[in-house]
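Colleague: Please find the sequence and the predicted model below.
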Amino acid sequence: MEQIIFRHDTVLSEVHMLFANPHHRMTRLNHVGQPVFLSNFKILVEKHNDEGKGIITEEKYKDPGGASGTSKADTHGEKGEEGGEESEVPFLDEDGDLNIVRRPRKNPLDAGSRDLVCPVILKQSDPELEQEEENTDDEEGQCPKDIIRIEHTMATPLEDVGKQVWRGAFFLADFILTEPLMFRGATVLELGAGTGLTSIIMATVAKTVYCTDVGEDLLGMCKRNVALNKHKMEPAGGEVRVRHLDWLQHDLCTDADMEFSWTEDEVADLHNNTSFIIAADVCYDDDLTDGLFRTLYQLCSNFLHPCTIFFSIEKRMNFTLRHMDVSCEAYHHFRCCLSQLKDLADGRCHFKVEQLPSNFAQFLLYERIEHLELWKVTATPLSFEQARSDSEPLSS
């Protein structure tokens with residue numbers, strides 16, 4: 001395969017756009033004839049705590065100059081070699097071309113009601129580290145401990161985007177690696193896991209991770225990725241269970257004759273012990289987003305204890321024929337669903353919604369842009385709040 005062929009309905013993750021010579025990583029064709037690639041993703045910093053388990057935060061990411069190749073301080077001036085005087089240095093892009101900063105408009109409202117979204121790269125991938133990833137496997141085929149190996153496809157139709165790796169998965173994985181004590185020993189459910197990268201990272205600190213999505217081909221790829229990364233999960237004792245979970249259906253599949261179905265014990269474990277639900281970059285279709293929030297509400301309402309939900313999402317700009325303009329419809333629908341969840345009052349569950357800061361450490365190699373967002377939803381069953389208030393002693 002000499003090149004990737006794009007169709008009119010092809011969708012390509014920005015992560016894959018940075019890959020050099022992608023055809024060299026092709027390993028096989030999947031059941032529907034799509035090329036499957038194997039990529040190595042390096043964890044930039046890893047440091048164990050005193051117990052030898054998990055990863056603690058240590059910011060060591062070296063920004064290779066950002067999108068321009070010139071540091072921010074250099075754009076304002078630097079000291080001369082002889083006299084020590086400051087002289088202005090032109091702002092150049094990575095090709096050496098002069099980057100002219102345009103003067104802002106006096107009245108931004110003159111541009112109309114368009115919601116402008118201009119992604120800015122906050123941290124750029126390092127070509128030297130990318131080159132190191134090409135030669136990570138040793139002669140015996142063993143994978144280093146700081147490498148995550150993921151099988152994935154590239155340039156798929158919209159319905160198969162779960163088979164690709166997206167920035168939102170890296171972003172959520174960074175947060176997990178930054179806050180390992182939060183997830184230590186927990187039972188976690190991932191919705192729309194795709195290739196399973198985030199579930200695999202979560203299993204380096206959590207006890208049990210239910211990695212869920214739909215489609216036997218996608219779930220089979222996810223199961224393969226879990227097997228490829230046992231070297232990451234086994235030291236911490238984490239386990240990933242790949243299971244089928246359809247947001248458009250009301251019940252979990254417990255048919256023993258079907259692959260990736262749930263056992264009765266797993267369903268009970270899910271309802272009794274799940275402390276966290278995670279989802280990375282899964283809101284790109286309004287109907288699926290509605291199904292996602294219905295599933296969340298149904299799950300959290302059946303829990304006997306509070307549950308924390310983390311959403312990683314990228315605010316994307318798309319041109320729509322309906323508006324004949326650029327908009328972020330999928331993102332706005334996601335925000336609308338969050339607002340409805342927050343205002344929900346049906347006597348079963350209470351939801352608290354907040355956006356978290358996105359300046360946590362970066363552990364994985366990808367372009368972190370400013371429009372990656374992390375949202376936290378705290379779901380508390382009202383039965384739990386009532387039981388807690390009843391158990392509190394009355395003040396004299």
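Modeller: Cool, got the structure.
Colleague: Please work out which residues outside the host helix or strand of Asp217 touch it.
Modeller: Asp217 is located in helix 216-228, with elements delineated by DSSP states H and E. For helix 216-228, contacts defined as Cβ atoms under 8 Å, 6 or more residues apart in numbering pick out 30-32, 36, 143, 149-152, 160, 162-163, 193-197, 199-200, 211, 213, 233, 240, 242-244, 259-260. Where you see a C-beta, it was placed from the backbone N, CA and C, and this is true even at glycine.
Colleague: Recalculate using a threshold of 6 Å.
Modeller: For helix 216-228, contacts defined as Cβ atoms under 6 Å, 6 or more residues apart in numbering pick out 30-31, 149-151, 162-163, 195-196, 240, 242, 260.
Colleague: Let me have these in TSV, adding neighbour count, secondary structure and distance to Ala169 as columns.
Modeller: Converted to TSV, the contacts of helix 216-228 look like this (neighbours: other Cβ atoms under 10 Å; DSSP: H, G, I helix; E, B strand; the rest coil; distance: Cβ to Cβ, whole Å):
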residue	neighbour count	secondary structure	distance to Ala169
Asn30	16	coil	19
His31	9	coil	23
Arg149	21	strand	14
Ile150	22	strand	9
Glu151	22	strand	14
Gly162	23	helix	10
Lys163	24	helix	12
Thr195	25	coil	8
Gly196	31	coil	9
Val240	26	strand	14
Val242	24	strand	16
Phe260	21	coil	20
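Colleague: Make TSV from those residues and add pLDDT and distance to Leu365 to it.
Modeller: Listed next are the contacts of helix 216-228 as TSV, based on pLDDT from 0 to 100; distance: Cβ to Cβ, whole Å:
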residue	pLDDT	distance to Leu365
Asn30	86	25
His31	83	30
Arg149	94	14
Ile150	95	13
Glu151	95	18
Gly162	94	21
Lys163	95	20
Thr195	97	16
Gly196	98	18
Val240	98	22
Val242	98	25
Phe260	96	30
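Colleague: Between those, which sits nearest Phe175?
Modeller: Gly196 (16.9 Å; Cβ to Cβ).
Colleague: residues near the closest residue in space to that closest one that isn't next to it in sequence, how many?
Modeller: Take Gly196 and drop its neighbours on the chain: the residue closest to it by Cβ to Cβ, 6 or more residues apart in numbering is Cys222, 4.0 Å away. Other residues near Cys222 come to 29 when the count uses other Cβ atoms under 10 Å.
Colleague: How about residues contacting the longest strand seen in the chain?
Modeller: Longest strand in the chain by number of residues (criterion: DSSP state E): strand 372-381. Outside strand 372-381, the residues that touch it by Cβ under 6 Å, 6+ apart are 171, 175, 300, 303, 306-314, 349-356, 358.
Colleague: Please name every helix or strand in contact with the helix or strand just after the helix holding Asp217.
Modeller: Next helix or strand after helix 216-228 toward the C-terminus (DSSP H and E): helix 230-233. Helix 230-233 sits against no helix or strand, with contacts defined as 3 or more Cβ pairs under 6 Å, 6 or more residues apart in numbering; DSSP states H and E.
Colleague: buried sites along stretch 220-231?
Modeller: Neighbour counts over stretch 220-231 (16 or more other Cβ atoms under 10 Å) mark 220-226, 228-229 as buried.
Colleague: Same question for stretch 150-160.
Modeller: 150-156, 160.
Colleague: Pull out the CA atoms of it and give them to me as PDB.
Modeller: In PDB, the C-alpha atoms belonging to stretch 150-160 read as follows (Å, rounded to 0.1, in the frame of the first residue of the first chain):
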ATOM      1  CA  ILE A 150      -2.400   0.400  19.500                       C
ATOM      2  CA  GLU A 151      -3.900  -1.200  16.400                       C
ATOM      3  CA  HIS A 152      -6.200   1.200  14.500                       C
ATOM      4  CA  THR A 153      -7.500   2.200  11.100                       C
ATOM      5  CA  MET A 154      -7.100   5.400   9.300                       C
ATOM      6  CA  ALA A 155      -9.200   7.500   6.900                       C
ATOM      7  CA  THR A 156     -12.500   5.800   7.700                       C
ATOM      8  CA  PRO A 157     -16.200   6.700   7.000                       C
ATOM      9  CA  LEU A 158     -17.900   8.600   9.800                       C
ATOM     10  CA  GLU A 159     -19.500   5.500  11.200                       C
ATOM     11  CA  ASP A 160     -16.100   3.900  11.800                       C
END
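Colleague: ok, the spatially closest residue to His250 that is not a sequence neighbour - how many residues close by?
Modeller: Once flanking residues are discounted, His250 sits nearest to Gln298: 7.1 Å by Cβ to Cβ, 6+ apart. Counted with other Cβ under 10 Å, residues neighbouring Gln298 total 13.
Colleague: same check, this time on Pro357
Modeller: Neighbour tally, Pro357, other Cβ under 10 Å: 6.
Colleague: for the one 4 residues further on, same thing?
Modeller: By the measure other Cβ under 10 Å, the count of residues near Ala361 is 16.
Colleague: Please report how far it lies from Leu177.
Modeller: Noted for Ala361: a distance of 7 Å to Leu177, by Cβ to Cβ, to the nearest Å.
Colleague: re earlier: any buried residues in the longest strand of the chain, and which?
Modeller: Buried, per 16+ other Cβ under 10 Å, within strand 372-381: 372-375, 377, 379-381.
Colleague: Just name the closest of those residues to Tyr331, please.
Modeller: Glu373 (8.6 Å).
Colleague: so what's the closest one bridging to?
Modeller: Listed by DSSP bridges, the beta-bridge partners for Glu373 are Ile313.
Colleague: And for stretch 248-259, what's in contact with it?
Modeller: Contacts of stretch 248-259 (Cβ under 6 Å, 6+ apart): 244, 261-262, 267, 291.
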